[in-house]
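> Any chance you can model this:
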Amino acid sequence: METFFIVLALVAATLTLALIAFAWRHCKSKGKNLPPGSFGWPIVGETIEFLFGKPDKFVFDRMAKYSPDIFKTRILGEDTAVICGPNGHKFLFSNEQRYFTAFRPHSMQMLFRSYKKAASPPGKEDEKVLRSPGFLKPEALVRYLGKMDTITQQQMQSKWEGKREVKVYPLAKSLTLTLACQFFLGTDEPERIARLVDYFDDITLGLHSMTLNFPGTIFHKANKAAAAIRKELRAVIKDKKDAISSGAPMQDILSHMIVASDSSGKHMPEAEIADKIMGFLTAGYSTVATAMTFFMKYVGERPDIYKKVLDEQLEVAASKKSGELLEWDDINKMKYSWNVLNEVMRLTPPLQGTFREALTDFTYAGYTIPKGWKVYWTVSTTNKNPVYFPEPEKFDPSRYDDLNTFPPFTFVPFGGGPRMCPGKEYARLAILAFAHNVVRRFKWELVNPKEKIVGDMMPAPQNGLPVRLTRQ
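Coordinates of the predicted model:
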């Protein structure tokens, strides 16, 4: 009984402190011409509507109610301005590090920053690690393209061929995690990768969640998954160090992170390496698998589009010798297939948006956003706007035949400016290698054309998108 009252007192004290902080923040903002909108309930704000009422609907409704340019809200524990439309995209992309810096929600920080006390601002170091050795530049990815093609073919042979019906989403995730493990870790051990898949699913769900860390919550499950992945990655790091010591070639990001040192000769701690690699794997796994899955959905609904993609991919294959793997020139010939994938990402963005933090007070659309506020950027404010995309619910790859048909900063699936997704080219190659292999092997039809799309920030088909396969 005594323990119960102690816990109750702690909960009451925590809530009281949270309410005081909430009131203090809003008193501080008084007198400033804040954007229109609502902070919602004390403490939780509008987080529940944001996460469980679909983020794109959340944004559309408030744009219609308050302003098509900007509105205020409180989500995931933060006072937030949502800047909307092509002009908003341009403003955000053009003022990185002037007005904004990268920000990860507290759930992400807690999942990926176990070493974190002295960590630099999230995002900066991660991008430096990725970009400094040039791993994600096209000229470097060209060397990996053949391996992508090989892995995709192997997965098609072992997990797709000979099956009358498959669930696309689980198979796409298995493929993308295998590709990511090969690229980032230099490993393709099937057993190790299979052990990781379920853990990464739990982490993906917890990336944008309320940080309630007790059994039964999404965040608690994600936190347990992160600990399990971290343990596995520490074992991978040990194996990699042993391999480096024996003179093995270093052609992956993990090897670079192990040997890299700062100006004082200090190496990155293993815990930090494990957390950064976990973040890279999560990014390279979930969003790419989502794009592959919805490619199968939308193309499966449109035999006319399937035929055009197939014709293009057969033309690419006909220009190659038997058994020859994909090369950069082949990717550049896949223009229609990439238009199809752009339309997939417009209708069902693999990631709804990202957050930034205001470095100073600034003004946009006549309103002041105070220093320390978070700024939410989302593709949802333009992707389905009929002003830019007539008949926005129609799947129409011809929209991209001439990119000048809609204004700049209207279609930005990978963001823009200095914060453009560093994995854009990696994703493009992986998805096109998948399209090249799947359409030449199979025709398919959706088992349930009306299957529900679930998920908040990252969409997924409710039942994994089962399809019936017919061998070409």
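
> contacts, neighbours, all on C-alpha from now
Will do.

> remind me which residues of the stretch 301-450 of the chain are low pLDDT?
For the stretch 301-450 of the chain, applying pLDDT under 70 flags the ranges 418-419, 422.

> now the helices for it?
In order along the chain, the stretch 301-450 of the chain carries the following helices (DSSP state H, counting those that start in this stretch): 303-318, 328-332, 335-347, 380-383, 424-441.

> and if you look at the stretch 151-300 of the chain?
Counting by DSSP H, counting those that start in this stretch, the helices of the stretch 151-300 of the chain are 168-180, 190-206, 218-245, 253-259, 270-300.

> and of those helices, who's closest to Leu347?
helix 270-300 (9.3 Å; C-alpha to C-alpha).

> quick one, that closest one and helix 424-441 angle?
Interaxial angle, helix 270-300 versus helix 424-441 (axes from the mean of the first three to the mean of the last three C-alpha atoms, to 10 degrees): 40 degrees.

> possible to save the helices of the stretch 151-300 of the chain as JSON lines with distance to Val316 and mean neighbour count?
Shown next, in JSON lines, are these (distance: least, C-alpha to C-alpha, whole Å; neighbours: other C-alpha atoms under 10 Å):
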{"stretch": "helix 168-180", "distance to Val316": "22", "mean neighbour count": "23"}
{"stretch": "helix 190-206", "distance to Val316": "30", "mean neighbour count": "17"}
{"stretch": "helix 218-245", "distance to Val316": "37", "mean neighbour count": "18"}
{"stretch": "helix 253-259", "distance to Val316": "31", "mean neighbour count": "19"}
{"stretch": "helix 270-300", "distance to Val316": "19", "mean neighbour count": "22"}
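
> would CSV of those helices with distance to Lys333 and mean pLDDT be doable?
Formatted as CSV, these follow (distance: least, C-alpha to C-alpha, whole Å; pLDDT from 0 to 100):
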stretch, distance to Lys333, mean pLDDT
helix 168-180, 22, 94
helix 190-206, 32, 82
helix 218-245, 37, 92
helix 253-259, 29, 88
helix 270-300, 18, 91
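
> now, of the helices of the stretch 301-450 of the chain, which is deepest in the fold?
helix 380-383 (a mean of 24; mean count of other C-alpha atoms under 10 Å).

> So which elements touch that helix?
Applying 3 or more C-alpha pairs under 8 Å, 6 or more residues apart in numbering; DSSP states H and E, we find helix 380-383 packed against helix 55-65, helix 85-94.

> How far does it sit from its chain's centre?
17 Å (C-alpha atoms, centre = their mean, to the nearest Å).

> Send me that helix as CSV with only the CA atoms.
This file holds the C-alpha atoms of helix 380-383, laid out as CSV (Å, rounded to 0.1, in the frame of the first residue of the first chain):
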residue,chain,number,x,y,z
SER,A,380,1.2,16.2,-47.4
THR,A,381,0.6,19.9,-47.9
THR,A,382,1.2,19.7,-51.6
ASN,A,383,1.0,16.0,-52.7
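
> who's in contact with that helix?
56, 59-60, 84-86, 346-347, 352, 388-389, 392, 410-411 (C-alpha atoms under 8 Å, 6 or more residues apart in numbering).

> go on, stretch 220-237?
Here stretch 220-237 has contacts from 111-112, 185, 196, 199-200, 202-207, 211-215, 254, 270-271, 274-275, 278, using C-alpha under 8 Å, 6+ apart.

> could I get the helices of the stretch 151-300 of the chain as JSON lines with distance to Phe39?
Below are those laid out as JSON lines (distance: least, C-alpha to C-alpha, whole Å):
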{"stretch": "helix 168-180", "distance to Phe39": "36"}
{"stretch": "helix 190-206", "distance to Phe39": "23"}
{"stretch": "helix 218-245", "distance to Phe39": "23"}
{"stretch": "helix 253-259", "distance to Phe39": "42"}
{"stretch": "helix 270-300", "distance to Phe39": "30"}
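
> What residues sit buried inside whatever helix or strand Leu111 lives in?
Using DSSP states H and E, Leu111 sits within helix 106-112. Buried residues in helix 106-112, counted by 16 or more other C-alpha atoms under 10 Å: His106, Ser107, Met108, Met110, Leu111, Phe112.

> Appreciated, that's everything.
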